[in-house]
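1. return a 3D structure for these sequence lines:
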Amino acid sequence: MKKIKRTLCLFLTILMTMGLSVPVYATSTDITDGSQLNSQETVTDIDLSLLTVDQTKATYYNNVNNVVVTESGAGEACFTFSGVENVFQDSRVKVKVKYPDGNGLKLARTVKDNQLIFSTKEKYYGKRAGKQKIEVTFTNSKGEEKVFHLKVFAYNLRQKTDSSVLLPRYSSATLKLECQKVTKGPWKTVSGKKVSWKSSSNKVAVVNNKGKVSTRNKQKTCYVKGSFENYTYYWAVNVTTVEKVSVICTAREIYATSTYSQPLRMRQGYYDCSSLVWRSYRTVGNYLGTSSRATYAPTAAGIAAYLERRGKTVAGGIGSYNTTKGKLRAGDLLFEGGRPNGRYRGVYHVEMFTGYDIAYIKSNGKPFYMNTWASKNDGTYGFGTANDFVCRP
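-> Have a look, this model is predicted:
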């Protein structure tokens, strides 16, 4: 037996002298789950000294508006690691992420390829903002470590200017976005030049690189979009006359400061639908069929009869086409009719259209318009009924 062992050792010695390799049999531990790897393999370690990160600071923005279009990556902070392929999936490497300090900003994290991605839980509608320090430690099977210190800045972003804009012809206004860097902190305007601006119709309104919108001689609606940090925001720009803007402002003020009452409709501090419309138009010299000396408003049916006799009816009314294509004009009047009340066309209510707002963004990237009213919630009377009609004073 001893002779056989001596012969085997002599044989192995000759092989090694000739430069031939001899396989090594080893048992290693998978550091991911602790299971034993009982296979023939060459023991290797990941060289963590080669591992690098593309950046140590990353900023991202949480959108807090309802209507917005986002591109891939919005609402995320991404750190890309290089030098070690698939380092996050390699069972020979442990990865530990710590949050040494911060302002209470809670971050979710995911891994994609060799990227470490951080975001708030409310990814696109986040309410948390601030700075968070992050420590990422990689450890190989030898216990060697590579530590990265990262910082994530999460900012909130929103439209400062209301998404429904009412402007007279040949006037201007500046659309703005604003940013909040700390939760409950101040909101500051984002510089206009950092935002990419575009108008859907330069015949209605143009916008420059600072977000300044200038209207043309068209009583129509277009939309303006502003893109910043992978977010695109939309504004409906409603262009009308100076007189119609004044009428709408008066109507909104009456509604905001008065109480609805038909018996007291003409008293200070009270209104009903027809008195609100009549009192608002009267301020610009349009008495809707009454004398300039009149002190009592006509009924909704009386206003409807007066306007229709003068050919003021808008073709298509409150139908789908006019609504979605933005064909109505601020200051138009919607009449609800069809009731057997003995009045003209059975009209029982009148409502003032105050312009379009943005309801949502369609799959083709264009906004879906929503009607706004002087004394009703936005979106009311989406497409009306067969008995409803619109007139333009």
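2. could you list the low-pLDDT ranges of the stretch 101-250 of the chain?
-> Low-confidence segments of the stretch 101-250 of the chain (pLDDT under 70): 122-125.
3. which residue ranges of it form helices?
-> 242-257 (DSSP state H, counting those that start in this stretch).
4. what about the closest residue to F335 other than its chain neighbours, is that helix, strand or coil?
-> Distances taken as Cβ to Cβ, 6 or more residues apart in numbering place A304 nearest to F335, at 4.6 Å, with adjacent residues excluded. No exception for glycine: its C-beta is placed from N, CA and C like everyone else's. With DSSP: H, G, I helix; E, B strand; the rest coil as the basis, A304 sits in helix.
5. and the end-to-end length of stretch 332-340?
-> Here the two ends of stretch 332-340 are set 25 Å apart, with distance taken as Cα to Cα, to the nearest Å.
6. can you list the neighbours in contact with that stretch?
-> With Cβ atoms under 8 Å, 6 or more residues apart in numbering as the test, stretch 332-340 has contacts from 277, 300-301, 303-304, 307, 314, 317-318, 345-353, 373, 381, 384-393.
7. ok, now stretch 134-143?
-> 28-29, 31, 45-48, 51, 79, 87, 92-100, 107, 116, 118, 145-152.
8. run a quick neighbour tally on the closest residue to D47 other than its chain neighbours.
-> Of all residues not flanking D47 in the chain, V84 sits nearest, at 7.5 Å (Cβ to Cβ, 6+ apart). By other Cβ atoms under 10 Å, 20 other residues sit near V84.
9. wait, what's in contact with V84?
-> Shown in contact with V84 (Cβ under 8 Å, 6+ apart): 46-48, 50-51, 90, 93.
10. in terms of helices and strands, where is it?
-> Following DSSP states H and E, one finds V84 outside all helices and strands.
11. so how far is I46 from it?
-> 6 Å (Cβ to Cβ, to the nearest Å).
12. what's the overlap in contacts for these two?
-> The contact sets of V84 and I46 overlap at 90, 93 (Cβ under 8 Å, 6+ apart).
13. of the contacts of V84, closest to E229?
-> L51 (28.6 Å; Cβ to Cβ).
14. got the contact list for that closest one?
-> 81-84, 87, 138, 146.
15. before we move on, what about K121?
-> 106, 108.
16. again with K193
-> Contacts of K193 by Cβ under 8 Å, 6+ apart are 209-210.
17. residue ranges with poor pLDDT in the stretch 251-393 of the chain?
-> In the stretch 251-393 of the chain (pLDDT under 70), no residue qualifies.
18. could you pick out the longest strand of this structure?
-> For the chain, the strand with the greatest residue count under DSSP state E is strand 145-159.
19. can you list the strands that it pairs with?
-> Strands that pair with strand 145-159, judged by DSSP bridges, come out as strand 57-63 (parallel), strand 130-139 (antiparallel), strand 177-180 (antiparallel).
20. can you put the ones you listed in a markdown table and add distance to S261?
-> Listed next are these as a markdown table, based on distance: least, Cβ to Cβ, whole Å:
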| stretch | distance to S261 |
| --- | --- |
| strand 57-63 | 42 |
| strand 130-139 | 49 |
| strand 177-180 | 40 |
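21. between the ones you listed, which gets nearest to G365?
-> Smallest distance to G365 across the strands paired with strand 145-159 (Cβ to Cβ): 16.6 Å, for strand 57-63.
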